[in-house]
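Engineer: let me see the structure of the following:
(one chain, ligands or ions: 1)
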Amino acid sequence: MFRVFPDPSSIAEYVSAILIAKIQSKPDTVLGLATGGTMEPIYARFVAQARQSKLDVSRLTSFNLDEYIGLSPDHPKSYAAYMREHLFQHLAFDAARLHLPDGLAPDLPAHCKAYATRLRASGGVDLQLLGVGGNGHIGFNEPGTAFDCPCHVVELAEQTRIDNSRFFAEGSIVPASAITMGMAEIMEAREILLVATGESKAKIVARWYQQGVTEAIPFTVLKRHPRAMVILDEAAASLLPDDARQPRMLVSG
Ligand code: F6R
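Structural biologist: Below is the predicted model:
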């Protein structure tokens, strides 16, 4: 269910190798993609490894988890811009196969429905990458979101806006709302890798470990998924009880 690695770079190595193997065995893989600080070293490692192994990504399809409402894809802080910067511009993807919610959609509920429909029509996500918020959110499914909630518009939690203000210039305002893939679409992915790194995730990871499955901590829902793995670095795992940390023996060295 979970593994502990020494640091973010060994996680990047591990997750990147999984992605490469997946795409090699199924070139038309559908990936569910996340943004955020956690994913940056993972995408950097993936790009390097993909180049080295001359990986063909042209048939790959992707669906991003979320996008801020009110930001155009050209806005430097949009998740569309993040994806271009960290992943899409570096490899020969087919742009028509790369999907993100549209933060400027005039009819947001209709757009959410259409996004979920397009995702299902693609055959569904083979491998979903997730980060986790300091409050346990996945995508932007904030605490209290129903587990069967589909793609929707969300008012961001105060903590999420504070956490994400580090990505915005001082004085500029973090958008108050976003479109997010729902818990329902996330749980339909055939395989899920959730990555949590750094001390700032240690408290929520410890709560995730101690609690049952609860909507108050959205990522506890992964305990119900048959093929979900939570990947931690030592800092994120630092508040887990000692006996819980045994699985790291599986990956030491
Ligand atoms: C981003 C996303 C969020 C982040 C989470 C962690 O697309 O869906 O759930 O994964 O907020 O963000 P970082 O990695 O910046 O700590």
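
Engineer: so what's residue 155 bridging to?
Structural biologist: Taking DSSP bridges as the rule, residue 155 bridges to residue 177.

Engineer: run a quick neighbour tally on it.
Structural biologist: Neighbour count of residue 155, defined by other Cβ atoms under 10 Å: 13. C-beta here means a position set from N, CA and C on the backbone, and glycine is covered the same way.

Engineer: would you confirm that it contacts residue 180?
Structural biologist: No: using Cβ atoms under 8 Å, residue 155 makes no contact with residue 180, being 11.0 Å away.

Engineer: just the pLDDT for the closest residue in space to residue 90 that isn't next to it in sequence.
Structural biologist: Nearest non-adjacent residue to residue 90, counting by Cβ to Cβ, 6 or more residues apart in numbering: residue 47, 4.4 Å away. For residue 47, the model assigns a pLDDT of 98.

Engineer: shouldn't residue 47 be within a helix?
Structural biologist: Yes: under DSSP: H, G, I helix; E, B strand; the rest coil, residue 47 falls within a helix.

Engineer: so how many other residues sit close to residue 74?
Structural biologist: Around residue 74 there are 9 residues (other Cβ under 10 Å).

Engineer: distance of the residue nearest to it when sequence neighbours are not counted relative to residue 73?
Structural biologist: Once flanking residues are discounted, residue 74 sits nearest to residue 81: 7.1 Å by Cβ to Cβ, 6+ apart. Remark: distance between residue 81 and residue 73 (Cβ to Cβ, to the nearest Å) = 7 Å.

Engineer: now residue 87
Structural biologist: 14 Å.

Engineer: looking at those two, which is more packed in?
Structural biologist: Between residue 87 and residue 73, counted using other Cβ under 10 Å, the more crowded position is residue 87 (23 against 15).

Engineer: host element of the closest residue to that one other than its chain neighbours?
Structural biologist: In space, and not counting its chain neighbours, residue 87 is closest to residue 43: 4.6 Å by Cβ to Cβ, 6+ apart. Element membership of residue 43, judged by DSSP states H and E, is helix 39-52.

Engineer: C-terminal to that helix, what's the next element?
Structural biologist: From helix 39-52, the next helix or strand downstream (DSSP H and E) is strand 61-64.

Engineer: what segments of the stretch 101-250 of the chain are helices?
Structural biologist: 108-121, 158-164, 183-188, 202-210 (DSSP state H, counting those that start in this stretch).

Engineer: pick the most buried one from those helices.
Structural biologist: Comparing these by mean neighbour count (mean count of other Cβ atoms under 10 Å), helix 183-188 comes out on top with a mean of 21.

Engineer: for that helix, list the C-alpha coordinates in CSV.
Structural biologist: Output of helix 183-188 as CSV, limited to C-alpha atoms (Å, rounded to 0.1, in the frame of the first residue of the first chain):
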residue,chain,number,x,y,z
MET,A,183,-13.1,11.5,-6.6
ALA,A,184,-15.2,9.3,-8.9
GLU,A,185,-13.0,9.7,-12.0
ILE,A,186,-9.8,9.4,-9.9
MET,A,187,-11.0,6.1,-8.4
GLU,A,188,-11.9,4.8,-11.8
